[in-house]
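Chemist: Here's a sequence, model it:
(one chain, ligands or ions: 1)
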Amino acid sequence: MTAVVELESVARTYDVDPPVHALRGVDLAVAPGERLAVLGRSGSGKSTLLNVVGLLDRPTAGTYRLEGRDVSRVGERDRDALRADAIGFVFQESHVLGHRTVAQNVWLALMAAGVPRTDRVWKVPDMIGRVGLAHRADALGRLLSGGEKQRLAVARAVVTTPRLLLADEPTGNLDADNARGVLDLFDEQAGRGVAVLVITHDERTAAWADRTVRLEDGRIVPEVPAGPARPAAGTSGATAAGTTAPGPMPARPAP
Ligand SMILES: Nc1ncnc2c1ncn2[C@@H]1O[C@H](COP(=O)(O)OP(=O)(O)OP(=O)(O)O)[C@@H](O)[C@H]1O
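Modeler: Below you'll find the predicted structure:
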């Protein structure tokens with residue numbers, strides 16, 4: 001099975017004085033349907049990694065294959081097209097347009113992706129229903145609660161059916177129920193074969209992932225999460241990158 005994301009010895013050095021080696025020789029693969037959490041202290045390189053994987057930045061060395069295609073050195077226009085086609089983003093500055101309604105937010109995401117009006121007409125209510133915001137369709141983005149806003153951000157990211165979903169702290173500011181709601185939406189995507197890569201400091205999200213890796217000073221250090229449904233550390237070790245089948249869903253907390 002071709003990995004969705006495959007990084008080989010990827011480095012990203014910022015050309016400042018002195019140079020900053022934000023990523024150093026990163027090897028990482030994410031399989032279709034895999035849920036990967038990336039942990040790491042502030043400054044360890046998480047955002048840089050997300051930007052490279054999201055085709056918002058380029059490696060200064062090494063190879064990045066997206067769905068088997070070497071995209072490390074493709075030109076700007078190709079990168080934009082690949083990004084729009086393959087990748088959905090749920091970033092902290094969440095792309096929810098506060099002065100637009102929920103429905104308009106989703107409509108505009110589809111428009112930006114070039115989806116024809118005939119499809120937008122049914123995709124908007126369908127998507128809003130799936131993220132549980134049908135009753136808020138006409139509410140302005142800025143009036144939504146934190147959890148609603150984040151579900152709308154996910155709706156905008158996935159309505160264009162990406163094969164890779166990238167999220168930066170998607171549950172950081174949410175209470176348990178709302179965090180669960182967002183992770184359920186990610187589960188739905190992973191179930192459809194979407195590779196989900198999440199940067200997080202949130203233990204709930206780390207425990208939810210099939211696999212976690214830690215960044216330390218620009219390098220990947222494999223980790224085994226410590227959730228109850230997981231094998232004990234040391235019995236299986238970190239799964240080889242790119243070979244992980246989607247794991248069983250973690251047990252939901254009792255209502
Ligand atoms: N544009 C830039 N120019 C120079 N240095 C940069 C630039 N962007 C990031 N860095 C540096 O690269 C290193 C990695 O930064 P990065 O933002 O990837 O870390 P992070 O793990 O996402 O941190 P945080 O959790 O605080 O967001 C840091 O030392 C940071 O100061």
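Chemist: Would you verify that Thr48 is located in a strand?
Modeler: No - Thr48: not assigned to a strand; according to DSSP: H, G, I helix; E, B strand; the rest coil it is helix.
Chemist: Correct me if wrong: it contacts Leu23.
Modeler: Yes - the criterion here is C-beta atoms under 8 Å, and Thr48 meets it with Leu23 at 5.5 Å. Heads up, the C-betas are built off the backbone N, CA and C, glycines and all.
Chemist: Those two: which has the busier surroundings?
Modeler: Leu23 (29 against 23; other C-beta atoms under 10 Å).
Chemist: tell me which element the more buried one is part of?
Modeler: strand 20-30 (DSSP states H and E).
Chemist: Same check on Gly43?
Modeler: Assigned by DSSP H and E, Gly43 belongs to neither a helix nor a strand.
Chemist: need the contact list for it.
Modeler: Contact analysis of Gly43 by C-beta atoms under 8 Å, 6 or more residues apart in numbering lists nothing.
Chemist: Any chance you could give me the longest helix seen in the chain in CSV, C-alpha atoms only?
Modeler: Ranked by residue count and defined by DSSP state H, the top helix of the chain is helix 176-191. Extracted in CSV, the C-alpha atoms of helix 176-191 (Å, rounded to 0.1, in the frame of the first residue of the first chain):
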residue,chain,number,x,y,z
ALA,A,176,-14.0,16.6,26.8
ASP,A,177,-17.3,16.4,24.8
ASN,A,178,-16.3,18.8,22.1
ALA,A,179,-12.9,17.2,21.8
ARG,A,180,-14.6,13.8,21.4
GLY,A,181,-16.8,15.3,18.7
VAL,A,182,-13.8,16.6,16.7
LEU,A,183,-12.0,13.2,17.1
ASP,A,184,-15.1,11.4,16.0
LEU,A,185,-15.1,13.5,12.8
PHE,A,186,-11.4,12.6,12.3
ASP,A,187,-12.3,8.9,12.9
GLU,A,188,-14.9,9.1,10.1
GLN,A,189,-12.3,10.5,7.8
ALA,A,190,-9.7,7.8,8.8
GLY,A,191,-12.4,5.2,8.2
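Chemist: what residues are shared contacts of Thr48 and Leu23?
Modeler: With C-beta under 8 Å, 6+ apart as the test, Thr48 and Leu23 both reach 12, 218.
Chemist: Please list the residues of the stretch 1-150 of the chain that sit near the ligand.
Modeler: 14, 16, 20, 22, 40, 42-48 (C-beta under 6 Å from any ligand atom).
Chemist: Those residues, buried ones only, as a ChimeraX selection?
Modeler: Buried members of those, defined by 16 or more other C-beta atoms under 10 Å, are picked up in ChimeraX with:
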select :22,40,44,45,46,47,48
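Chemist: State the pair within the residues of the stretch 1-150 of the chain next to the ligand that is farthest apart.
Modeler: The span of those, defined through C-beta to C-beta, is set by Val16 and Gly40 at 20.7 Å.
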